[in-house]
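K.L.:
Using only what follows, build the 3D model:
(2 chains)
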Amino acid sequence: MHDKSDTLIKATSNGLICEAGGFAIDPWEPSELALITHAHADHARPGSERYISTPDSVALLKRRLGDTIDIRAVNYNEPIRLGSTDVSFHPAGHVLGSAQIRVEQAGNVWVFTGDFKRDFDPTCLPFELVPCDTLITEATFALPVYRWQSGREVAGEIAHWWNLNIEADRPSVLFCYSLGKAQRVLAELMHYCSRSVFLHGAVAPLTDIYRREGVAMLPTQQLDLKEKRNYNAELVIAPPGAAGSTWMRRFKGASTGFCSGWMRVRGNRRRRGYDRGFVLSDHADWPALIQTIKECGAKKILTTHGQSETLVRYLRELGYSADELSTQYTSNDAETETLTAANDAVVNDRHQT
Amino acid sequence: MKQFVSLFQSIDQTTSTNLKKDAICKYLSEASADDAAWAIYFLSGRRLKRLIGVQQLKEWLYQKVDLPEWLIDDTYSSVGDLAETIALLVDASEPKEQESLSLSQWLASRILPLRTVGIDQQREIVTSWWSTLDYDTCFIINKLLTGALRIGVSQSLAAAAVAQHSDLPKPTILHRLMGKWEPTAEFFEQLVSADDGSAQISRPYPFCLAAGLETAPEALGDVALWQVEWKWDGIRAQIVRREGHCFIWSRGEELIETRFPEITEQAMLLPDGTVLDGEILAWSQEGGVMEFSQLQRRIGRKTAGKKLLSEVPCAFLAYDLLEHDGLDMRQHPLADRRESLEKLLRSCSTGLKISDTLEQDDWNELAVLRAESRARQVEGLMVKKKDSHYGTGRKRGIWWKWKIEPYTIDAVLLYAQAGHGRRANLYTDYTFGVWSGADLVPIAKAYSGLSDKEIRTLDKWIRKHTIERFGPVRSVELEQVFELAFEGINRSTRHKSGIAVRFPRIVRWRQDLSAKEADTLEQVTSLIADS
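P.N.:
Next up is the predicted model:
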């Protein structure tokens, strides 16, 4: 005997489904109506008949899923009626256009955070706390060692590293997830310099979209692979998939850096063989996860991807009703950003040639 | 400490060996001799004798941090390094101490005195460091407390940096860094001076290491150019006999003479100014070399009792003469050294044995002998160039080990545990089992042999197919089969399976096999009869 309110949103083999509303959220199998929290590949998959997202996500989704998708934009905080539910999108602070999705039926409120963070990010609207009865939260970095400095501070470290490499006359190659992280770095770096930055072919088109949406960033230019020149003293931003590929050969003697929350742990960086690890994440850190769970007022917490087990056990000890949801959002291990970005690189390289 | 922390950062922030070396050189030229001595002590892999146990530090961390113990354990298992876990977890605290003590002052006035105080006071002192130190300093101090520094610098790289700094040859520095020394200003000054004066009488020479022979031996040319011996399966050791004293060094640079009194007694009959390279083996008068597991009983004891001494007598088989009449012989050709060695051991009848050379006319005959290795309790053949000098470290082309093919079996993955250091947060430590009736019994643990890509794939599989968790260990569904190789197999009362294997490693992931097709304990046990 299940109370209906218990299953307003459930995890099925196709994704998170809301039967009462007749829609799926970030489904991994095609569905009739897909509500998309943000444009990262593990949340926005092709094949659904109709999509709904925030206006800021539309251009990114079209770039990722094709121009011909049937997509409707709904403003943040603008309620829409779907089936017997009231649905609204709320800023998640993750990347441009990212949203939490609030679903209400008969006074029972569920919120799915999608991916979120609470740190300041000049490229997107700040996270909005949405009170609810049941919270479905990501748990990518749900271990107490994961705590972030501000993006501004980390950009300062990156700028300092770049300066050292300018002095040593060698290229700086910075690996960042091509949607979101790269643009956040470019925006934060404006506090430290005004030099132009070179972009890998997977990063450039997404950066163009950010610019068109009005995000202020350092000047950039896409690498011209045919041009023979040296990149000493230059900063190059590329997706992690480009590391170790032949593409890297043109940056002889480069110092390499990787921007990711995983870089908080030394072994993660050493295993990948980067010179520098910059701890910069677009996910909530441990204090932000716990704070959000406490502040949203939910009595029931469901967790997706990441250190779900750990978070669930911890929350139960705090007296919450907590469970893991089985999903296919893939940021549950350190390789994800790399893999997804590598796919981007492949896709976009194909676009180029 | 600031200076040393900044050295650590320079080393940690590059993957280039040259840049690391430059950073160490820069430190050596700027630091005081006291600090330089301690820096080289730690960078070359030495550690402080156990100051505070890992368990102790964990206890203090439980008390210090307001989190459940299991969560701290989970975190530690994900981070894979206790020193780092502590630094990361206590990092939140605000007030930072302005650090003014240097590395050597830290050791002299803070770390080493920990030995002289009780455990409660130790806790108070150490946890107060945690609250006040910045992240990097806290990490390094914790590393020093828990053991070796291990920050991506090998002993060889540390020696190369000292060599560059002092403008001396690297082998000279490697030699001077051998054996027992105290990290003092005086030591460092001698280390980098053109003539280091009277050396420590106990100092051994860097061991010459053999490379594995990967080609057919015919590629080595005329067999007459090579000295061939059995590859003994014991403990590599150096006997240093100088000024009325005798020291026996293991390859790990541990002094082990008290463990082998019968060998020490014989070695005392050597003339002063003699250094021998050789192998310690469990050796019975009647039967010759005994199983390695017997020798293990001796290795485990600091001093051996009468009973053990008579049950497992040990012998030293010499195979090289490194110092003769007080002279360093290492630049002499092997053939000359061998001749002197034979003469020396004949003349002073110490009871020390010599590792016989195998005189054969061609490689085929040697191949036949090599095939007898298992029955003779050896690991194959050693092939050494007769005109070669005694090398420092692993130098290709001088000494080859021509080992026998390992045993191989197919076993099923039972348990997995996350690794440490650069394998943190990845399931890389595996336990394998073979069939005993309807059950699988654990037979070996293995950590190496898979490619990085395979490790990542397997890691994902393990996370998805976990049955149960026991702290950091996960039991998994019984599906994955691996071919394992190992060098030796013995009966053992300490293992549930009743057997123990030596040097197990993964040869390949047998995705073509199902668990049912893995080997049985019976099949594995039958390999013992084989030896």
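
K.L.:
what's the distance between the residue nearest to B:W363 when sequence neighbours are not counted and chain A?
P.N.:
Using CB to CB, 6 or more residues apart in numbering or on different chains and skipping the chain neighbours, the partner closest in space to B:W363 is B:P217 (4.5 Å). Placement of C-beta: from N, CA and C, glycine included. Per CB to the nearest CB, to the nearest Å, B:P217 is found 36 Å from chain A.

K.L.:
Just the pLDDT for B:P217.
P.N.:
What the model reports for B:P217 is a pLDDT of 90.

K.L.:
Helices of the stretch 251-353 of chain A, residue ranges please.
P.N.:
Applying DSSP state H, counting those that start in this stretch to the stretch 251-353 of chain A gives helices spanning A:266-272, A:286-295, A:308-317, A:336-352.

K.L.:
Burial check on B:L209, number of neighbours?
P.N.:
15 (other CB atoms under 10 Å in any protein chain shown).

K.L.:
Quickly list what it is bridged to.
P.N.:
Per DSSP bridges, the residues bridged to B:L209 are B:R394.

K.L.:
does the residue of the stretch 1-150 of chain A found nearest chain B sit in a helix, a strand or a coil?
P.N.:
Nearest to chain B, among the residues of the stretch 1-150 of chain A, is A:V145, at 4.0 Å (CB to the nearest CB). What DSSP: H, G, I helix; E, B strand; the rest coil gives for A:V145 is coil.

K.L.:
Name all residues that make contact with the closest residue to it other than its chain neighbours.
P.N.:
Leaving aside its chain neighbours, A:V145 sits nearest to B:L88 (4.0 Å; criterion: CB to CB, 6+ apart). When contacts are counted by CB atoms under 8 Å, 6 or more residues apart in numbering or on different chains, B:L88 touches A:145, A:264-265, B:75, B:79, B:135.

K.L.:
ok, which pair from those is furthest apart?
P.N.:
Farthest pair in the contacts of B:L88 (CB to CB) is B:T75 and B:Y135. Separation: 15.7 Å.

K.L.:
okay, those two: which has more neighbours?
P.N.:
Taking other CB under 10 Å, B:T75 and B:Y135 do not tie; B:T75 has more neighbours (23 against 14).

K.L.:
Which helix or strand contains that one?
P.N.:
B:T75 belongs to helix B:69-79 when elements are defined using DSSP states H and E.

K.L.:
what's the distance between the closest residue to chain A within the stretch 301-450 of chain B and A:R266?
P.N.:
Residue nearest to chain A within the stretch 301-450 of chain B: B:A424 (3.2 Å; CB to the nearest CB). Using CB to CB, to the nearest Å, we find B:A424 at a distance of 8 Å from A:R266.

K.L.:
Give me the common contacts of those two.
P.N.:
B:D81.

K.L.:
which ones are touching A:D285?
P.N.:
Neighbours of A:D285 in contact, by CB under 8 Å, 6+ apart: A:117, A:119, A:141, A:146-148, A:261.

K.L.:
Out of those, which comes closest to B:P261?
P.N.:
Closest to B:P261, out of all of the contacts of A:D285 and judged by CB to CB, is A:Y146, at 54.5 Å.

K.L.:
Quick check: that closest one touching A:G261?
P.N.:
Yes - assessed by CB atoms under 8 Å, A:Y146 is found in contact with A:G261 at 6.1 Å.

K.L.:
which neighbours do those two share?
P.N.:
Common neighbours of A:Y146 and A:G261 (CB under 8 Å, 6+ apart) are A:281, A:285.
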